[in-house]
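Asks: Make a model of this:
(one chain, ligands or ions: 1)
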Amino acid sequence: MTVIVTGGAGFLGSYICDVLVEQNANVICIDNYASGTESNISHLFDAENFRFVRHDIAQPIFFDENIDVVMHLASRASPLEFYDYPIQIFKANTLGTWIALGIAKRHGARFLFASTSEVYGSAEVVPTPETYNGNVNPVGVRGCYDESKRAGEAICIAYKRQHNIDVRIARIFNTYGPRMRAEGVYGRVVPRFIYQALRNEQLTIFGDGKQTRSFCYVTDQIEGLLRLAWFDGASGEVVNIGYPEETTILELAEMIIEITGSESNMSFHPQPEDDPRRRCPLIDKAKNLLKWKPEMGLREGLRRTAEWWRAGTA
Ligand SMILES: NC(=O)c1ccc[n+]([C@@H]2O[C@H](COP(=O)([O-])OP(=O)(O)OC[C@H]3O[C@@H](n4cnc5c(N)ncnc54)[C@H](O)[C@@H]3O)[C@@H](O)[C@H]2O)c1
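Replies: Numbering: from 1, shown residues only. Below is the predicted model:
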């Protein structure tokens, strides 16, 4: 079996490459290192069944060998990048999805799209089911990400309807774990807090910290994504993959300070534009269809992530 993983040098993509290489699939990792790093995949460079192609997936690309599955994860995904790279984000999720679907169409391959909870925007229904259509501001600073993912989903379903491509859409909720970058003050919250806590710096809280998120450990997320990609009965399905419990940002900060034994305090900053107040998935569909639910508790997942950071910065 040959699997293309776009965005394979990123946080989630590199774990998918690891699992597939281990399972003896031929893995073609396409990445332009926009937000991924060579260090995420360099341990795979010697594997005979792993090939890295440095390429922007918004540009056409063709393969001679037969392709069985295309997993499209290429897209910058952190809030900092929404400010600096809105056009690249739009292209990766629209043109990039189109091009990746074109590969699937030419080869009769199965297709998985890494969508996001952000398609729900500021959800009025929490926990949010897949049937909720969203509440998104198209012209806000998050619009490049939210709307391009929504368009990406629509393109997938168009290929399913018109060409009967076997597409699957994963709505991924906040996921964390080793290999996630810190990316400074506006980066994703778990690595940012751990980075700050390990340095005894103030943890930056945006708004009052009472906004909620749900945090899924990376190995659970990867298991969910692979089940969705592999399960025969999931063609055309849209499935939430995430941790089904809400935590406030304040609770998260306190937990990370405690786990790391940090002397950090917290500093409060204005809430970013269109930052959702609550976010939590309903995962009944994943449970019923894929027999999947996350196994890793938040405290233990954070402890493991902090250990990884500590080992890397020691
Ligand atoms: N991690 C999460 O919590 C989360 C939540 C929701 C959705 N997602 C989605 O999952 C996917 C992976 O996210 P991640 O957390 O691993 O992010 P990441 O930034 O670590 O990985 C994204 C990868 O895509 C690559 N990339 C970006 N644009 C590209 C392009 N035009 N051509 C080729 N490669 C390109 C980057 O270099 C990087 O390696 C993304 O599509 C993201 O939107 C992630």
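
Asks: When you work out contacts or count neighbours from here on, use the C-alpha atoms and nothing else.
Replies: Fine.

Asks: what does the stretch 151-300 of the chain put close to the ligand?
Replies: 172-175 (Cα under 6 Å from any ligand atom).

Asks: Try it again at 8 Å.
Replies: 171-176, 180-181, 216 (Cα under 8 Å from any ligand atom).

Asks: Now intersect those residues with the strands, please.
Replies: 171-172, 175-176, 216 (DSSP state E).

Asks: Show me just the buried residues among those.
Replies: 171-172, 175-176, 216 (16 or more other Cα atoms under 10 Å).

Asks: What ranges does the protein have for its strands?
Replies: 2-6, 26-31, 50-54, 69-72, 110-116, 167-172, 175-176, 203-206, 212-213, 216-217, 238-241, 247-248, 266-269.

Asks: which residues of this structure score low on pLDDT?
Replies: 183-186, 313-314 (pLDDT under 70).

Asks: Show me where it has its helices.
Replies: 11-22, 79-84, 86-93, 95-107, 143-163, 189-198, 218-230, 249-260, 284-290, 298-313 (DSSP state H).

Asks: does the fourth one come close to the ligand?
Replies: Going back to what we said before, that points to helix 95-107. Yes - counting by Cα under 8 Å from any ligand atom, contacts between helix 95-107 and the ligand involve Gly96.

Asks: which two from the residues of the stretch 151-300 of the chain next to the ligand end up farthest apart in space?
Replies: Arg171 and Arg181 (21.1 Å; Cα to Cα).

Asks: And for the chain, the residue most distant from the center?
Replies: Distance from the centre of the chain peaks at Glu263, with 30.7 Å (Cα atoms, centre = their mean).

Asks: Quick check, it in contact with Leu203.
Replies: No - look at Glu263 against Leu203 with Cα atoms under 8 Å: they stay out of range, at 10.5 Å.

Asks: what sits in contact with each of those two?
Replies: Common neighbours of Glu263 and Leu203, using Cα atoms under 8 Å, 6 or more residues apart in numbering, are Ala197.

Asks: Gln23 and Ser39, how far apart?
Replies: Plainly put, Gln23 is 21 Å away from Ser39 if you go by Cα to Cα, to the nearest Å.

Asks: cool, and Glu237?
Replies: Taking Cα to Cα, one finds Glu237 at 33 Å from Ser39.

Asks: Which one's more surrounded, these two?
Replies: The residue with more neighbours, out of Glu237 and Ser39, is Glu237; 16 against 12, by other Cα atoms under 10 Å.

Asks: so what's that one up against?
Replies: Contacts were defined as Cα under 8 Å, 6+ apart; by that measure Glu237 touches 167-169.

Asks: what number of residues lie near the nearest residue to Ala25 once chain neighbours are set aside?
Replies: Sequence neighbours aside, Met1 is the residue nearest to Ala25 in space, at 5.3 Å (criterion: Cα to Cα, 6 or more residues apart in numbering). Neighbour count of Met1, defined by other Cα under 10 Å: 11.

Asks: Which residues are in contact with Met1?
Replies: Counting by Cα under 8 Å, 6+ apart, Met1 has contacts 25-26, 67-68.

Asks: out of those residues, which are buried?
Replies: Buried among those by 16+ other Cα under 10 Å: 26, 67-68.

Asks: Surely Ile28 touches Ala9?
Replies: No - in this structure Ile28 lies outside contact range of Ala9 using Cα under 8 Å: 11.0 Å.

Asks: quick one: which of these two has more around it?
Replies: It is Ala9, of Ile28 and Ala9, that has more neighbours when counted by other Cα under 10 Å, with 30 against 21.
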